[in-house]
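Engineer: Sequence isn't available, so here's the structure alone:
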C-alpha cells in the first residue's frame, strides 16, 4: 500500500483504475434496487431499513471514480426513487446526487476493492444520506422532525453489512479486463 499526499490506501496495481460495467448494468441494478425499496417492505416489514437505491449509487460512484458520473447516477436514481414514493419530489434526488458526488470523490482516493473499506463507506454514506435528508426536510419543507441518532446508526450498520454483500454481487457485472 502506498501512502502519498494525494492518495491513501491504494494498492499499486489498482491505483486509479476505473471499473467498466456492461451497459445494461447501469439500468438493471438501479431499477431492481428501486423496485426492491418500493415493494419488498410491503411484504416483509423487517426489511424496511434497507436503502438499496442508496447502496447502488454508492457502489457505482466509488467504482467509476468519476464525480460527474457519480452525480448523474445519484440524480437519476434519486429522482426515480422520488417518483415511486409518496415523499416530496426531489428530496431523494438531491441527497442521492450529493452522495454520488462525494462517493466518487472518495473512490478516487481509496482502494475500494477491500471489504472493510466498502463497509465503512456504506455506513458513512447511509448516515450522511439520512442526516442530509433530515436537514433538507427541515430547511426546504419546514418540517419539524427529530433526528434519531441511535436508529440511524443501527440502520447504518445493517445497511453496511448488506452493502458489502451487494457490492460483491455487483462486482459480477463488471466487464472482463
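Structural biologist: Looks like it came in fine. Here the structure is a predicted model, which means the values were calculated and not measured.
Engineer: ok so residue 92 is a helix residue?
Structural biologist: Yes - counting by DSSP: H, G, I helix; E, B strand; the rest coil, residue 92 falls inside a helix.
Engineer: For it, give me its contacts.
Structural biologist: With contact taken as C-beta atoms under 8 Å, 6 or more residues apart in numbering, residue 92 is in contact with 53, 78, 79, 81, 82, 85, 133. All C-beta spots, glycine's among them, are computed from the backbone N, C-alpha and C.
Engineer: mind redoing it with 10 Å?
Structural biologist: Taking C-beta atoms under 10 Å, 6 or more residues apart in numbering, we find residue 92 in contact with 34, 37, 51, 53-54, 57, 74-75, 77-85, 99, 129, 133, 136.
Engineer: go on, residue 133?
Structural biologist: With contacts defined as C-beta under 10 Å, 6+ apart, the neighbours of residue 133 are 87, 91, 92, 94, 95, 96, 145, 147.
Engineer: Quickly note the distance from it to residue 63.
Structural biologist: Between residue 133 and residue 63 the computed distance is 24 Å (C-beta to C-beta, to the nearest Å).
Engineer: how about stretch 84-99: buried residues?
Structural biologist: Residues 91, 92, 93, 94, 95, 96, 97, 98, 99 are the ones in stretch 84-99 that count as buried (16 or more other C-beta atoms under 10 Å).
Engineer: From the chain's centroid, how far away is it?
Structural biologist: Here the centre of stretch 84-99 is set off from its chain's centre by 13 Å, with C-alpha atoms, centre = their mean, to the nearest Å.
Engineer: ends of it, how far apart?
Structural biologist: Start to finish, the residues bounding stretch 84-99 are 20 Å apart (C-alpha to C-alpha, to the nearest Å).
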